[in-house]
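Student: quick one: sequence and predicted model below, then my questions.
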Amino acid sequence: MFSFFLFSDRQIPRISGCPTDGTIQVNRYSRVQPSLPSLLASDNTDIKTFTVAPRNANSTLIVSTSATNIVYAVTDFEGNTETCSLTVNIIGKLF
């Protein structure tokens, strides 16, 4: 006789390092990446995806207007998701 156990993961993944105020400030026409926090995704099982939108936020995103939003999302294999949202504000005057 065989016994089977069904495992249901209800614990959401975690994103550590997300700023509590959710904002960062950069100079106009500068790359956002050096100002972004170092984030770490973790889960009690395994992580399926860890994404960022816009896709180039961690590399070549250059801001020229105010209030650019960046969203990180981590999803585990059960479909549980956690997000970290940041707003990038421009330092100085907008012309």
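Tutor: That came in fine, so what should we check first?

Student: and P19, which of the three is it?
Tutor: Of the three states, P19 takes coil under DSSP: H, G, I helix; E, B strand; the rest coil.

Student: and what of P34?
Tutor: Assignment for P34 (three-state DSSP): helix.

Student: number of residues surrounding it?
Tutor: Using other Cβ atoms under 10 Å, P34 has 7 neighbouring residues. Using the backbone N, CA and C atoms, a C-beta is placed for each residue, glycine as well.

Student: residues of stretch 34-43 that come out buried?
Tutor: In terms of neighbour count (16 or more other Cβ atoms under 10 Å), stretch 34-43 has its buried residues at 36, 39, 41, 43.

Student: sitting in helices, which of those residues do you find?
Tutor: Among the buried residues of stretch 34-43, no member falls in helices (DSSP state H).

Student: could I get these as a markdown table with distance to L86 and pLDDT?
Tutor: Compiled in a markdown table, the buried residues of stretch 34-43 are given as follows (distance: Cβ to Cβ, whole Å; pLDDT from 0 to 100):
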| residue | distance to L86 | pLDDT |
| --- | --- | --- |
| L36 | 7 | 83 |
| L39 | 10 | 91 |
| A41 | 15 | 95 |
| D43 | 21 | 94 |
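
Student: report the distance from the strand ranked longest in the chain to the chain centre.
Tutor: The longest strand of the chain (DSSP state E) is strand 81-91. A distance of 8 Å separates the centroid of the chain from that of strand 81-91, by Cα atoms, centre = their mean, to the nearest Å.

Student: who's in contact with that strand?
Tutor: 12-15, 18-19, 22-28, 32, 35-37, 39, 63-75 (Cβ atoms under 8 Å, 6 or more residues apart in numbering).

Student: tell me the strands beside that strand, with direction?
Tutor: strand 23-27 (parallel), strand 68-76 (antiparallel) (DSSP bridges).
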